[in-house]
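[1] Just to be clear, the model below is a prediction. Sequence and coordinates:
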Amino acid sequence: MVSRGNVSPEKCPQFHLDLWLWLTLENWILDFGRPIVMIVLPLEWFPLNKPSAGDYFHMAYNVITPIILLKLIERSPKVLSRSAVYLCIITLVMGASIHLVGDSINHRLLLSGYQLHLSVRENPIIKDLKPASLIDSFELLYYYDEQLGHLMWYIPYFLILFLYFIGCFTPTKGQRGIPVSGWLLLGPSALYYWYLVTEGQIFELFLLTFLAMIVTVTLQRRKGLRLDGNGLFLFGTFSVTMALVVVWVTYLWNDPVLRKKYPGLLYVPEPWSYYSLHVKDGH
């Protein structure tokens, strides 16, 4: 995916504050802010048979995020395969669009009493549906929304970030580290990725990406190469994200209800399920 020996003639890579700032802002506003704006704005402004405010946020995200990622790739010190990058972007947009539809319907279910901390078949508004085959349809919707949509959205997203990361190594001894602006941005960026990893249920994907970063850093150091400021920012963001996920899982380790919904070896509950269970009804 990286063209052999093709290194762009950039002298000293500058910290891309503009792109990292825009990426963090639009992630917080258009992704994290989606469910919040749907809760805050009056329901009568957005009838249930029309797109909600959150849906419009999602549409904007599906356009803006690919543009920022493409701009980031354009600034990579290494020339990456255009076919690989375009395939990632196309898949990302398709996966995010699938998620848009599923999430939009899911929001309407929430307004009708759907409880996020319960499985589809255990939800009071679902389990008594007639005919019973309708429950299968809702499980299919859940699959498109929470599984297929997330995988098609986040696999190319993290792959693009990793492809950019492997081009961030330099032999320059005087290479600058993360500037002050980068350190100020690192916290909000890591906090968003904590939300993305936990709510998107993609810890395995994030863990593989982070481990691949660690291996890459180790191998490149043996060659005398070091990360530039952008690579350090990305690596630092993922390191703090990992720490936040560990704290989150430790805090909810003995929660019996969430344990039931999220079985298996890698237990990472969703923040909105925690909200539905412990906060929404004042428990």
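    Cool, the structure landed.
[2] Quick check, central residue of this protein?
    Residue closest to the average C-alpha location in the chain (Cα atoms, centre = their mean): L196, at 3.8 Å.
[3] Residues in contact with the helix or strand encompassing it: which ones?
    Under DSSP states H and E, the secondary-structure element containing L196 is helix 180-199. Taking Cβ atoms under 8 Å, 6 or more residues apart in numbering as the criterion, the residues outside helix 180-199 that touch it are 15, 17, 20-21, 23-24, 27-28, 31-32, 154, 178, 202-203, 206, 229, 232-233, 236-241, 244-245, 248, 268-272. In this view, the C-beta of every residue, glycine as well, is placed from N, C-alpha and C.
[4] Would you mind checking the residues you listed for buried ones?
    Of the members of the contacts of helix 180-199, the ones counted as buried by neighbours, 16 or more other Cβ atoms under 10 Å, are 15, 17, 20-21, 23-24, 27, 31-32, 154, 178, 202-203, 206, 229, 232-233, 236-238, 240-241, 244-245, 248, 268-272.
[5] avg pLDDT for the helix or strand hosting M94?
    When elements are assigned from DSSP H and E, M94 belongs to helix 82-111. Per-residue pLDDT values over helix 82-111 give a mean of 88.
[6] name the helices or strands packed onto whichever helix or strand comes after that helix?
    Helices and strands here follow DSSP H and E; after helix 82-111, the next one along the chain is helix 124-127. Secondary-structure packing of helix 124-127 (3 or more Cβ pairs under 8 Å, 6 or more residues apart in numbering; DSSP states H and E): helix 133-142.
[7] what packs against the helix it packs on?
    helix 82-111, helix 124-127.
[8] Report the inter-axis angle for that helix versus helix 82-111.
    Angle between the axes of helix 133-142 and helix 82-111 is 140 degrees (criterion: axes from the mean of the first three to the mean of the last three Cα atoms, to 10 degrees).
[9] Alright, calling it a day.
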